[in-house]
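[1] next come a sequence and a model predicted from it.
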There are 2 protein chains.
Amino acid sequence: MAIDKSSFVPPYYQLAQILERQIRAGDYRPGEALPSEAELSEKYGLSRMTVRRSLSQLARAGLIRTERGKGTFVSRPELDRAVFVMEEFHKEAAARGLTSSVRLLEARLVPAPEKAAGKLQVPAGTKVLYIRRSLLAGGEPLAYDRKYLRYDRGRPILENELQYQALPEMVEKHAEALPISSKMVLQATVLNDEEARALRVAPGSPAFLLEQVLLAGDGRPVGWGWCLYRGDRYQLTSVSMAI
Amino acid sequence: MAIDKSSFVPPYYQLAQILERQIRAGDYRPGEALPSEAELSEKYGLSRMTVRRSLSQLARAGLIRTERGKGTFVSRPELDRAVFVMEEFHKEAAARGLTSSVRLLEARLVPAPEKAAGKLQVPAGTKVLYIRRSLLAGGEPLAYDRKYLRYDRGRPILENELQYQALPEMVEKHAEALPISSKMVLQATVLNDEEARALRVAPGSPAFLLEQVLLAGDGRPVGWGWCLYRGDRYQLTSVSMAI
DNA sequence: GAGTGGTCTAGACCACTGT
DNA sequence: CAGTGGTCTAGACCACTCC
């Protein structure tokens, strides 16, 4: 096992692959130390910086862990730990080979209800933009989205926009500050009558409840809402860190 | 804004923080180019390698993106994208300040039912280890776990172990191959009578359904099962990439 | 051709853990 | 003390993009 410097695959990546294979094959067991950076550097004819790049890649993937002054050790795999990634709606539908569209059910300025006012940090009763949308994938409803957005500019809302734009762009156009980050909470729930009707399933059906808060660059909340994903059509798959 | 080389914070990290602040403050807008690596190197008195380290940190966090031959650009924030991390049960309970424990409800060798046999890639009827456990947090059931594990060694099962050990260690001791990775699928569901009884909630209550497949280093399945998390006691929170 | 990011090197100094 | 990983440098060559 050596490094092919004429390959298109850069040496740091080749070494990372070699070490990963050795770890997966059990040549180095969990808890065991890998050769030191100096030894790897000497053995594979690479500079220490390049060796370190390979190792940091494996460390990011969770295969190894380094301890200053001691060495580099194979990690015990964290089998009961999982990472789930939820992509943007249209992107995810496209990845699954489904046509996706958004149907605007309602969009108007309303006095903020107490809960929304609290989440948006505005006085209760402040005029905010309320939006209800149905997200369709493959012609069938997949999710039902309700959101409150701060709205201070006085720009007219174009229905056209709301139907085709993702939420971030809507907020960018109509809210007072540009959202720069979002905080989400995912829960399991069962649908009430109204929600079940919107999603064309039976009341009491399971669903994911995704609560979302949009934050401006200064940390102020710009939007808040929930999106319900049909339990029979939506699931999350754990991702494994790639090296 | 300059780099303090006498600080305990390494220069690459200081520069990453400076650039992050500037991006969040809107000094560089989404789509705009950052100064080139050579310019940053000159301006902050750092070598290009060090500048690159700062930039790759910001790129990993999703704030910027590099294009070879063109430059480094501020990313449009992906507000509708979320990453959820599910930690190992005991770790998560501890993080929430709850005592956690595991109650073994059942553990015996059974002929593999058809579905389990398929998932484990063994002939139907092969003797496999079947385990039912209740995961308690703060004295109350939080999750209900059922698993099938390949079992070829013939070692006796100690109840003791099953109650206090996480699944990976159990498998390590009792299955024929060491699991090295796991694949999980997360769904929303409603509980049937048996599951609701185990979790001490009403039938029809919402729950997360976590299906888990444990894989050996060579990719062969070693274990398969589902774990149900009470919807009223468990939720996932999106993590933002830290620089 | 000039400018960009992607990779690599050889050497240096440091802080830390072990003996 | 010798050995480890953590950081930094100055320079080099490359592939790519745009003019």
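    That came in fine, so what should we check first? Since this is a predicted model, take the numbers as computed values, not measurements.
[2] which SS state does residue A:146 fall under?
    strand (DSSP: H, G, I helix; E, B strand; the rest coil).
[3] stretch A:216-231 close to chain B?
    Yes. Counting by CB under 8 Å from any CB of the partner chain, chain B has neighbours in stretch A:216-231: A:217, A:229, A:231. Just so you know, the C-beta spots here come from the backbone N, C-alpha and C atoms, and that holds for glycine as well.
[4] okay, and residue A:16 sits in which element?
    helix A:11-24 (DSSP states H and E).
[5] from what I see, residue A:101 and residue A:133 are in contact.
    No. Using CB atoms under 8 Å, residue A:101 and residue A:133 do not qualify as a contacting pair, with a distance of 10.3 Å.
[6] quick one, which of the two is more surrounded?
    Using other CB atoms under 10 Å in any protein chain shown, the more surrounded residue of residue A:101 and residue A:133 is residue A:133, with 24 against 14.
[7] distance of the residue located most distally from the centre of chain A from residue A:51?
    Relative to the centre of chain A, and counting by CA atoms, centre = their mean, the farthest-placed residue is residue A:42 at 40.4 Å. Counting by CB to CB, to the nearest Å, the gap from residue A:42 to residue A:51 is 9 Å.
[8] helix or strand right after the helix holding residue A:16?
    helix A:37-44.
[9] so which elements touch that following helix?
    helix A:11-24, helix A:48-60 (3 or more CB pairs under 8 Å, 6 or more residues apart in numbering or on different chains; DSSP states H and E).
[10] tell me the angle that helix makes with helix A:48-60.
    Helix A:37-44 runs at 110 degrees relative to helix A:48-60, counting by axes from the mean of the first three to the mean of the last three CA atoms, to 10 degrees.
[11] what about helix A:37-44, distance to the chain center?
    From the chain centre to the centre of helix A:37-44 is a distance of 38 Å (CA atoms, centre = their mean, to the nearest Å).
[12] so what's the closest residue to residue A:193 other than its chain neighbours up against?
    Leaving aside its chain neighbours, residue A:193 sits nearest to residue A:203 (4.9 Å; criterion: CB to CB, 6 or more residues apart in numbering or on different chains). Listed by CB atoms under 8 Å, 6 or more residues apart in numbering or on different chains, the contact partners of residue A:203 are A:191-193, A:196.
[13] with residue A:235 instead?
    Taking CB under 8 Å, 6+ apart as the test, what residue A:235 contacts is B:185-187.
[14] what residues of stretch A:210-221 count as buried?
    Buried residues in stretch A:210-221, counted by 16 or more other CB atoms under 10 Å in any protein chain shown: A:210-217, A:221.
[15] which one of those residues is nearest to residue B:88?
    Here the nearest of the buried residues of stretch A:210-221 to residue B:88, counting by CB to CB, is residue A:210; it sits at 23.7 Å.
[16] sorry, back to before: counting by contacts, list what the helix holding residue A:16 packs against.
    Short answer (3+ CB pairs under 8 Å, 6+ apart): helix A:11-24 packs on helix A:37-44, helix A:48-60.
[17] in the shortest one, what's buried?
    Of all the residues in helix A:37-44, those buried under the rule 16+ other CB under 10 Å are A:37, A:40-41, A:44.
[18] so can I have TSV of those showing pLDDT and distance to DNA strand D?
    Shown next, in TSV, are the buried residues of helix A:37-44 (pLDDT from 0 to 100; distance: CB to the nearest atom of the strand, whole Å):
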residue	pLDDT	distance to DNA strand D
A:37	98	4
A:40	97	8
A:41	97	9
A:44	97	14
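[19] what two of those residues have the greatest distance between them?
    Taking CB to CB, no two of these sit farther apart than A:37 and A:44, at 10.9 Å.
[20] quick one: the helices in chain A, in order.
    A:11-24, A:37-44, A:48-60, A:89-95, A:114-120, A:159-164, A:167-174, A:193-199 (DSSP state H).
[21] lowest average pLDDT across the ones you listed?
    Here the lowest mean pLDDT among those goes to helix A:159-164, at a mean of 55.
[22] what residues go with each domain of chain A?
    Chain A breaks down by automatic domain parsing into domains covering A:11-74, A:89-230.
[23] distance between the ends of the shortest one?
    In other words, domain A:11-74. End-to-end distance for domain A:11-74, by CA to CA, to the nearest Å: 21 Å.
[24] about what we covered before: so for residue A:37 and residue A:44, which residues contact both of them?
    Common neighbours of residue A:37 and residue A:44 (CB under 8 Å, 6+ apart) are residue A:51.
[25] where does pLDDT dip in chain A?
    Within chain A, the segments meeting pLDDT under 70 span A:152-178, A:242.
[26] surely residue A:34 and residue A:73 touch.
    Yes. In this structure, residue A:34 is within contact of residue A:73 by CB under 8 Å, at 7.1 Å.
[27] more neighbours: which of those two?
    residue A:34 (21 against 16).
[28] for that one, which non-adjacent residue is closest in space?
    Using CB to CB, 6+ apart, the closest residue to residue A:34 is residue A:72 (4.4 Å).
[29] the one you found is in contact with residue A:64, isn't it?
    Yes. With contacts counted by CB under 8 Å, residue A:72 reaches residue A:64, the gap being 5.6 Å.
[30] the contacts of residue A:235 into a markdown table, with extra columns for neighbour count?
    Output for these, formatted as a markdown table (neighbours: other CB atoms under 10 Å in any protein chain shown):
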| residue | neighbour count |
| --- | --- |
| B:185 | 16 |
| B:186 | 22 |
| B:187 | 18 |
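[31] overlap between the residues you listed and the residues near chain A?
    B:185-187.
[32] I'd like the helices and strands packed on helix A:37-44 as TSV, with mean neighbour count appended.
    Formatted as TSV, the helices and strands packed on helix A:37-44 follow (neighbours: other CB under 10 Å):
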stretch	mean neighbour count
helix A:11-24	18
helix A:48-60	18
